[in-house]
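# For reference, the sequence and a predicted model appear below.
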Amino acid sequence: MSLALALKTGDASRLPSRRDEDWRWTDLRGLIRAIPAVSPAFVGDVSAGPFDALADSSVVIVNGWVREGEPVRESGVLALRFVSHTDATAHDSDFAVTVAPGQTLTVLESYEGQGAGGYLANIGLDFSVGEGARLERIVLVDDLADAVTVSTAEVSLAPGARYAQTILTSGARRQRIETHVAHPGAHADLRLDGIYLLDGQRHADQTTVVTHAGVDGVTSQLTKGMVSDQARGVFQGRIIVQPGADQTDARMGHHALILSDKAEVDAKPELLIFADDVSCAHGNTIGALDEQAIFYARQRGIPEMEARAMLTEAFLGEVVERIEHDGAREVARAWVAQRLGRSAI
């Protein structure tokens with residue numbers, strides 16, 4: 001079952017549902033009774049993207065149609081924009097990036113809801129990172145509150161490659177951002193990070209699957225989130241260490257703050273280890289802000305709401321600071337501050 005297949009056939013019964021174990025917290029079939037009409041090509045201007053000023057080249061895809069684009073360079077900085085500018089229609093698009101051996105590329109990817117809303121979008125991505133190459137992917141997701149979106153990235157690493165990813169999202173009516181990584185071991189290095197900041201009735205699902213297939217592979221994963229009002233955050237992280245993938249070093253952490261009695265966080269970190277001589281660990285914590293810290297801040301004249309925002313910003317800051325691209329890190333820092341109603345420092 002998949003959204004792509006449902007869009008292709010127009011058959012809503014092909015949508016994933018809570019009966020599918022990996023989709024039990026992001027039920028699409030129970031939400032969508034009929035597949036909407038295909039999104040038309042948008043005629044008109046779209047607003048500037050969040051990373052435009054940082055990029056050497058750019059590709060803009062609006063409603064699943066390539067609006068403008070340049071040849072993807074083997075190195076440098078690419079702004080990759082997926083814009084939904086429509087009302088209650090559905091679109092699907094695919095994009096592939098290959099980083100040649102020894103090259104370095106930064107992909108600044110954004111999802112932008114600019115239309116009337118209610119859209120259904122499915123994005124498929126393929127990233128291939130050659131031997132000794134480096135790819136950093138920073139993803140900023142600002143869908144409209146009534147949108148339903150799925151983004152699925154397939155990542156293939158060659159020996160000695162390095163792939164680093166940071167996803168920042170404010171959620172949607174239903175939203176799933178999925179990453180699958182084929183990890184060869186062989187001194188390849190992987191970092192998978194994420195932040196979700198959800199309010200209202202927004203929903204965000206960050207799901208990752210990493211398969212270590214060879215000796216001497218490294219994975220570091222850190223996701224942090226905050227939910228308030230009636231929002232729902234979902235984290236599913238699975239690291240598989242195949243037979244023979246000895247000396248794998250894989251670490252996963254998920255930590256979330258719940259700021260409302262009606263908000264919800266569902267987390268499922270998994271380690272499936274079929275090899276010896278490995279160093280693997282995962283951690284998961286879900287709780288509230290430290291009321292004692294809030295009390296001390298108020299004693300120093302800081303209003304309660306500002307104190308809560310400051311503590312949340314500091315909590316999320318560990319993920320932001322792991323972003324390697326300086327300009328993208330500043331954009332991420334400003335985005336977090338803006339979502340929390342603060343001015344970026």
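Received the coordinates, thanks. Numbers count the residues shown, from 1 in each chain.
# Please name every helix or strand in contact with the helix or strand bottoming out on mean pLDDT in the chain.
Between all helices and strands in the chain, the lowest mean by mean pLDDT, DSSP states H and E belongs to helix 291-299, at a mean of 75. Using 3 or more CB pairs under 8 Å, 6 or more residues apart in numbering; DSSP states H and E as the contact definition, the elements that helix 291-299 packs against are helix 304-320. C-beta here means a position set from N, CA and C on the backbone, and glycine is covered the same way.
# Tell me the helix or strand right after the helix it packs on.
Helices and strands here follow DSSP states H and E; after helix 304-320, the next one along the chain is helix 326-339.
# Can you point out the buried residues in that following helix?
Gly327, Ala328, Arg329, Val331, Ala332, Arg333, Ala334, Trp335, Val336, Ala337, Arg339 (16 or more other CB atoms under 10 Å).
# what about the second one, distance to Leu78?
Right, Ala328. Distance, Ala328 to Leu78, using CB to CB, to the nearest Å: 12 Å.
# And the first one, by the same measure?
Applying CB to CB, the value for Gly327 to Leu78 is 13 Å.
# Please apply the same query to the fourth one.
Val331 sits 15 Å away from Leu78, going by CB to CB.
# model confidence over stretch 272-287, on average?
Average pLDDT, stretch 272-287: 95.
# hmm, who's touching that stretch?
Residues from elsewhere that reach stretch 272-287, judged by CB atoms under 8 Å, 6 or more residues apart in numbering: 212, 237-258, 265, 267, 269-271.
# Filter those down to the buried ones and hand me the PyMOL line.
Command for PyMOL that selects the buried part of the contacts of stretch 272-287, burial taken from 16+ other CB under 10 Å:
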select buried, resi 212+237+238+239+240+241+242+245+246+248+250+251+252+253+254+255+256+257+258+265+267+269+271
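# tally of neighbours for Leu7?
Neighbour count for Leu7, taken as other CB atoms under 10 Å: 23.
# Pretty sure it sits in a helix.
Yes. Counting by DSSP: H, G, I helix; E, B strand; the rest coil, Leu7 is located in a helix.
# Distance check, Gly327 against Asp52.
11 Å.
# Could you tell me which strands the helix or strand that contains Tyr163 is paired with, and in which direction each runs?
When elements are assigned from DSSP H and E, Tyr163 belongs to strand 162-169. For strand 162-169, sheet partners with direction are given as strand 134-142 (parallel), strand 189-198 (parallel), following DSSP bridges.
# Show residues contacting the shortest one.
Around strand 134-142, the neighbours that count as contacts under CB under 8 Å, 6+ apart are 50-51, 97, 99, 103-113, 127, 129, 149, 151, 153, 161-170, 175, 177, 204, 323-325, 328, 331-332, 335.
# ok, of these, which come out buried?
50-51, 97, 99, 103, 105-113, 127, 129, 149, 151, 153, 161-170, 175, 177, 204, 323, 325, 328, 331-332, 335.
# Next, the buried residues of stretch 87-104.
If you call a residue buried by 16+ other CB under 10 Å, then stretch 87-104 has these buried ones: Thr89, Ala90, His91, Asp92, Ser93, Phe95, Val97, Thr98, Val99, Gln103.
# quick one: which of the residues you listed sit in strands?
In strands, defined here by DSSP state E, the members of these are Ala90, His91, Asp92, Ser93, Phe95, Val97, Thr98, Val99.
# any idea how far Ala307 is from the residue located most distally from the centre of the chain?
When distances to the mean C-alpha position of the chain are computed (CA atoms, centre = their mean), the maximum falls on Gln299, with 37.3 Å. Counting by CB to CB, the gap from Gln299 to Ala307 is 10 Å.
# what residue ranges in the stretch 201-345 of the chain score low on pLDDT?
Judged by pLDDT under 70, the stretch 201-345 of the chain has its weakly predicted residues at 342-345.
# can you give me the strands in the stretch 151-300 of the chain?
Assigned by DSSP state E, counting those that start in this stretch, the strands in the stretch 151-300 of the chain fall at 162-169, 174-183, 189-198, 203-212, 218-227, 232-241, 249-258, 264-273, 279-287.
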